[in-house]
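Chemist: Predicted coordinates and the sequence they were generated for:
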Amino acid sequence: MGMGAGMASFIQLLFHLATFIVVLRFLLHLSKADYFNPITQGIVKATNPVILPLQTLLRPVGRIDPASLLLAVLLKSLGIFLALQMTGQLAGIGSIFVGGVAGVVKTILDLYFFALIISIILSWVAPQAAHPGALLVHQLIEPLLAPVRKFIPSLGGLDLSPIFVFLGINLVSNVAVGLLAQMAGLPVARFIGF
């Protein structure tokens, strides 16, 4: 791996982490997570310098915060653009933007996927955990699980809803994100975050 490719990977990592934090803020707002949770407070304080000016233009609409979503797409797109520049590759602005959208959707799905795994582990290891992280994970995934629980009853105390949510996440990831990545025409694994 050359110097440009190594630096491109580092830039991708930095922008992916920044995108992850902004996406997490978006999802916490979407799920109406406890604002006074110390982890939520840390995420809000870390992202406020950039989000608040954007929110003067794009006000939150109910549970949707378009400013956070736009910032996440812009960060992911900028990361893709810089990585392409460092490796000497070219792509159109439309491809980079679609790649940014695909990357953000993939980040959202990954975040839900791992939050669901953490929630399942916590339900077995520490079902009554009062740690701020455990409470936040529960608040984050409950809006996904609640609609599924209405249709899929538990079997003798065993909640099957996470299985169907996993299947849904996998389906959306393979179909929608794959389609967006294909539309972008970018090297998927390298730039979008697969």
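Modeler: Right, received. Where do you want to start?

Chemist: how about the helices in this protein?
Modeler: 3-30, 38-57, 66-86, 93-125, 132-151, 161-172, 178-184, 188-191 (DSSP state H).

Chemist: Could you check the angle the longest one makes with helix 132-151?
Modeler: It stands for helix 93-125. Put simply, helix 93-125 runs at 90 degrees to helix 132-151, going by axes from the mean of the first three to the mean of the last three C-alpha atoms, to 10 degrees.

Chemist: Helix 93-125: which residues count as buried?
Modeler: Residues of helix 93-125 classed as buried by neighbour count (16 or more other C-beta atoms under 10 Å): 95-113, 115-116, 118-119, 122. Where C-beta positions appear, they are placed from N, C-alpha and C, glycine not excepted.

Chemist: Find the centremost residue of the chain, please.
Modeler: Nearest to the mean C-alpha position of the chain, by C-alpha atoms, centre = their mean, lies residue 108 at 2.5 Å.

Chemist: Count the residues that sit near the nearest residue to that one once chain neighbours are set aside.
Modeler: Ranked by C-beta to C-beta, 6 or more residues apart in numbering and with sequence neighbours excluded, the top spatial neighbour of residue 108 is residue 23, at 5.7 Å. Here the count is done by other C-beta atoms under 10 Å, and residue 23 has 25 residues near it.

Chemist: For the residue nearest to the centre of the chain, give its distance to residue 93.
Modeler: To residue 93, residue 108 is 23 Å away according to C-beta to C-beta, to the nearest Å.

Chemist: Kindly report the same for residue 183.
Modeler: Taking C-beta to C-beta, one finds residue 183 at 14 Å from residue 93.

Chemist: and if you look at residue 31?
Modeler: 32 Å.

Chemist: which regions of the chain sit below the pLDDT cut-off?
Modeler: Across the chain, the ranges flagged by pLDDT under 70 are 1-4, 187-194.

Chemist: Phi and psi next, for the spatially most distant residue from the centre of it.
Modeler: In the chain, the greatest distance from the average C-alpha position (C-alpha atoms, centre = their mean) is reached by residue 156, at 32.9 Å. Per-residue torsions, residue 156: phi 60, psi 40 (degrees, to the nearest 10).

Chemist: what sits against it?
Modeler: Listed by C-beta atoms under 8 Å, 6 or more residues apart in numbering, residue 156 has no contact partners.

Chemist: For residue 26, see how far away it is.
Modeler: For residue 156, the distance to residue 26 - C-beta to C-beta - is 37 Å.
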